[in-house]
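[1] What would the 3D arrangement of this be:
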Amino acid sequence: MVLNLISAALVLLIAYMWSIRGFFSAFLHMVAVIVAGAFAFGFWEMTSIWLLNMSPDKGILSSIGGNAWAIGLIVPFLVSLVIIRVIFDKMLIANVAQTTLANYIGGGVCGVVTGILSVGILVIALGAVRFGDSTMGMGYRPIYYTEDRAAGGGSLVKDDTLWIPSDKITSKFYSHLSNAAFFAPEPLAKWHPAPYLEGPTARLSYGEGDARNTIKPKDLTFKGMYTVGGNDQTPVNQLLTYAGGTQPQKYTDTDGETVSTGQLVGVKFELGPAAKESTAQHMISPGQIRMIAEPVDASGAPTGEPSHDIFPIALISQGDGASAESYGRWRFEAEGVHISSVGGGASAAMAAEFVVPTGNRPIAIYVKGVRLELDATAVSEATKFATTGMRDAQVSAGTILKAAKAENLDRSMSFTYPAANIGTRGGSEMLVISTRLGREAFPSSAKRGLQLNEDKEIESGSGTWTPAEVGRGRDISAALKVDRFSAPAGTAMFQLNVSPTMQASLLGQVGSVADPSDAFYLIDSQGTLYQAVGYVYKDRERYDIVYNPGQPLNGMADIKTPGLTSVRDDQSLKLLFLVSLKVELEAYSIGDKVVFQLDEPFEVTTR
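    Presented below is the predicted three-dimensional model:
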C-alpha cells in the first residue's frame with residue numbers, strides 16, 4: 001500500500017531528524033505540535049463550515065467546498081505550529097546541554113511523537129480530499145463494507161490499518177485530551193469521536209467517490225424524528241424486520257459486533273436544491289450519513305465516555321417522481337448501495353434510520369459533513385412506533401415524509417394561462433415542453449464551456465456566442481449539430497419565455513417587485529416545486545446558454561446577461577426547468593408570488 005510506505009517513511013524521517021537535533025529542541029517542537037494539533041481540531045469544524053459557506057458553486061474555487069474538511073484541518077495546524085514555534089524561538093534562545101546519549105534517546109522519543117501526530121493529522125486531512133473512494137487514490141480505506149455478509153450485510157466496519165497507525169493514534173490522543181488536559185465544554189470526543197473515519201466515509205459514494213462529499217449548512221433542514229420499539233431494550237432482531245422480508249436485516253456496528261438490544265431511531269431531513277449532483281438528483285450513500293450517540297447511565301445522564309459513530313441501516317425517500325406521496329424504504333444491506341432522488345423536485349425529503357444500542361442516546365447526525373443536533377425537544381417530540389409494521393404502514397401510506405411544498409403562495413397578481421397553449425416544438429408559445437433549442441443550432445466544435453453527451457446533447461455548462469455563430473439547424477450536418485438539451489431520466493424539460501414582450505415577462509407585475517434572490521419555480525398539483533436550472537438568452541449581439549441541472553438558479557442574481565428592458569425589441573430570455581414525468585403542472589411563481597396559473601392541470605407525459 002503506497003500510503004503505508006509514505007506515512008511510515010515520514011514518521012521515521014521526522015523521528016531521525018529530531019533525534020540528531022537534541023532532546024531539548026525536540027521536546028519543544030513536540031509540545032508545539034501537540035498544542036498546534038489541539039488548536040487545529042478545536043477550530044476544525046468551524047473553519048471547515050466557514051470554507052463551505054464561502055466557496056462558490058461554480059468556477060475553479062468551487063473545489064474548495066469538496067475539500068473544505070481537509071483544508072479546515074491542515075491550515076489551522078500549520079498556522080498554529082508556525083506561530084508557536086516563533087514564540088518558543090523568541091522566548092527560549094539558549095539550548096540545554098545534555099549528554100549525547102540523552103540527546104539521541106530523548107530526541108528520538110520526542111521525534112516519534114512529533115512524527116506520529118504530524119503524519120496523523122496529514123493522513124486525516126488527506127482522507128477528506130475529494131479524490132476517489134480511497135485516501136488520495138492510494139488504496140487506504142480505514143472503513144469499508146463488511147466482508148462478513150452473513151452477520152453484517154452491507155454494514156460499514158473499520159477496515160485497513162496503517163503499519164504505523166498515526167491517524168488512529170492521533171484521533172484517540174486528541175479525543176482523550178478534549179476531556180482531560182485540553183478540556184472543552186463541547187469536546188472533540190463528543191462531536192467527532194473518530195476523526196480519521198469522517199473523510200473516508202463521506203467519499204464512499206456513487207461512481208467510486210465521484211459524487212459530492214460535502215454540502216452547505218443552508219442546504220440541510222431538520223424535519224423531525226421517530227423511534228421504533230417500545231424502549232431502548234428492544235431486541236434488535238425485532239427492529240430489523242421489514243415488510244415483505246422473511247428474515248431480519250443483517251447489521252453490525254463499526255467494530256464488526258452485532259447489537260443485541262436497543263432502539264431504532266429515524267431522523268427526517270430535507271436536502272435543498274443546491275445540494276444536487278450535476279445530474280440534477282440528490283445522491284446519498286450510507287457513509288455520508290452518520291449518527292453521533294452519547295453513552296448515558298441508567299438515569300439518562302452522560303457518562304463522560306467518548307461518543308461513537310453509527311451508520312444508517314436504511315433510508316426512506318420518495319419512490320416515484322410522479323407522486324409526492326409515494327415513498328420507499330431502501331435498506332443498506334449490500335456493498336455499494338447509493339440512493340438518489342427521483343424526478344425533478346427542487347428539494348428532497350428523506351429519513352435515515354439507525355440502530356442505537358442500549359445505554360446510548362442520539363445527539364446529532366451529520367449529512368455530508370453538516371451537523372443536525374438532536375436536542376431534548378426533538379427527541380421528546382419524536383413520533384413513536386411500537387413496531388416496524390406501524391412504521392411500514394406509514395411508508396406505504398405516504399405519510400411518513402412530506403416533500404417540499406408550495407405553501408402560503410400570494411396569487412393576488414397572477415393571471416390564467418391556457419394549458420392548451422403549451423407548445424411541444426420550441427416555437428413562439430410562452431411555455432414549451434421541449435429539449436430543443438428552437439430553430440438554432442451550432443456545431444459541436446463550437447461548444448464553448450458546454451458538456452455534451454455522445455448524442456451531442458447539452459448535459460451541463462455555459463457558453464456565449466455571437467448570433468452569427470449560431471445558425472439554423474438545417475444548415476449544419478446532423479453528425480456535428482448541437483440543437484437540444486439532455487433531460488435526466490424521469491424528467492421533462494419546460495422552457496418558459498420571460499422576455500419583455502411576454503405576459504410572464506420578468507418586467508411584469510410580479511417580476512418587477514421580486515427580490516434578485518427569489519428563485520423561479522414551476523409548481524405541480526401536489527405543491528412540489530421545480531426550480532429553474534438554466535436559461536437561454538439572445539439579442540442582436542450575443543447568444544448565451546447556461547444549463548446546470550445540479551445548480552438551480554437563485555433568481556435574477558444568477559442570470560448574467562444585459563438587463564432586460566422594454567425599450568429594446570431584440571431581447572429574448574427563456575428559463576429552463578426539469579419537471580418529473582407523470583405529474584400535473586399547475587403554476588409558475590417567482591419566490592412565493594404566483595405569476596400565472598394554468599386553467600387546468602397539464603399532465604407531463606412527454607420529454
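[2] Please count neighbours and contacts with C-alpha atoms only from this point.
    OK.
[3] Quick check: neighbours of the helix or strand harbouring Leu576 in the sheet, parallel or antiparallel?
    When elements are assigned from DSSP states H and E, Leu576 belongs to strand 572-580. Next to strand 572-580 in the sheet, as set by DSSP bridges, lie strand 491-497 (antiparallel), strand 534-538 (antiparallel).
[4] Select, out of the ones you listed, the one closest to Leu5.
    Closest to Leu5 of these is strand 534-538 (CA to CA; 47.3 Å).
[5] Pull up the gap between the closest residue in space to Arg331 that isn't next to it in sequence and Glu333, please.
    Excluding its sequence neighbours, the residue lying closest to Arg331 (CA to CA, 6 or more residues apart in numbering) is Ala314, at 4.2 Å. Distance, Ala314 to Glu333, by CA to CA, to the nearest Å: 8 Å.
[6] ok, what's across the strand from Ala314?
    Going by DSSP bridges, Ala314 forms beta bridges with Arg331, Glu353.
[7] which regions of the protein sit below the pLDDT cut-off?
    For the chain, applying pLDDT under 70 flags the ranges 1, 94-97, 135-137, 149-150, 324, 402-405, 426-427, 473, 606-607.
[8] helices or strands next to the top helix by length along it in the packing?
    Ranked by residue count, the top helix of the chain under DSSP state H comes out as helix 100-127. When contacts are defined as 3 or more CA pairs under 8 Å, 6 or more residues apart in numbering; DSSP states H and E, helix 100-127 packs onto helix 2-19, helix 23-42, helix 68-91, helix 166-177, helix 195-202.
[9] List the buried residues of the next helix or strand along the chain from that helix.
    Note on helix 100-127: by DSSP H and E, the next helix or strand toward the C-terminus is strand 143-145. Neighbour-count burial for strand 143-145, counted by 16 or more other CA atoms under 10 Å, picks out Ile143, Tyr144, Tyr145.
[10] mind putting those residues in JSON lines, distance to Glu586 included?
    Listed next are the buried residues of strand 143-145 as JSON lines, based on distance: CA to CA, whole Å:
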{"residue": "Ile143", "distance to Glu586": "47"}
{"residue": "Tyr144", "distance to Glu586": "46"}
{"residue": "Tyr145", "distance to Glu586": "45"}
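[11] Let me know the closest of those residues to Ile124.
    Looking across these and measuring by CA to CA, the closest to Ile124 is Ile143, at 12.8 Å.
[12] give me every residue that touches that closest one.
    Leu156, Val157, Lys158, Asp159, Asp160, Leu197, Pro200, Thr201 (CA atoms under 8 Å, 6 or more residues apart in numbering).
[13] how about a cut-off of 7 Å?
    Taking CA atoms under 7 Å, 6 or more residues apart in numbering, we find Ile143 in contact with Leu156, Val157, Lys158, Asp159, Asp160, Leu197, Thr201.
[14] Let me see the backbone angles for the residue lying farthest from the centre of the chain.
    In the chain, Thr99 marks the outermost C-alpha relative to the chain mean, sitting 55.5 Å out by CA atoms, centre = their mean. Main-chain torsions, Thr99, degrees, to the nearest 10: phi -70, psi 160.
[15] Which stretches in this protein count as helices?
    2-19, 23-42, 44-54, 63-66, 68-91, 100-127, 149-152, 166-177, 188-191, 195-202, 206-209, 236-239, 376-380, 388-397.
[16] from memory His338 sits against His282, does it?
    No: when contacts are counted by CA atoms under 7 Å, His338 is not listed as touching His282 (10.5 Å).
[17] So between those two, which is more surrounded?
    Using other CA atoms under 10 Å as the criterion, His338 and His282 rank with His282 on top: 25 against 17.
[18] returning to what we had before: check the offset of the strand holding Leu576 from the chain's centre.
    Centroid separation for strand 572-580 versus its chain: 25 Å, with CA atoms, centre = their mean, to the nearest Å.
[19] ok, residues contacting that strand?
    Residues contacting strand 572-580 (CA under 7 Å, 6+ apart): 321-322, 343-345, 490-499, 530-539.
[20] returning to what we had before: tell me how far the residue farthest from the centre of the chain lies from Gly106.
    Applying CA to CA to Thr99 and Gly106 gives a distance of 10 Å.
[21] Likewise for Gly139?
    Distance from Gly139 to Gly106, counting by CA to CA: 35 Å.
[22] which one of these two has more residues nearby?
    Gly106 (21 against 15).
[23] Just give me the neighbour total for the residue lying closest to that one once chain neighbours are set aside.
    Computed as CA to CA, 6+ apart, the closest residue to Gly106 that is not its neighbour in sequence is Phe23, at 4.8 Å. Neighbourhood size, Phe23 [other CA under 10 Å]: 28.
[24] tally of neighbours for Ser2?
    Residue 2: Val, not Ser. 10.
[25] residues in contact with it?
    Going by CA under 7 Å, 6+ apart, the list of residues near Val2 reads Met138.
[26] List the contacts of Met502.
    Met430.
[27] The nearest residue to Ile284 once chain neighbours are set aside: what's it in contact with?
    Of all residues not flanking Ile284 in the chain, Ile339 sits nearest, at 5.2 Å (CA to CA, 6+ apart). Taking CA under 7 Å, 6+ apart as the contact definition, Ile339 lies against Met283, Ile284, Ser285.
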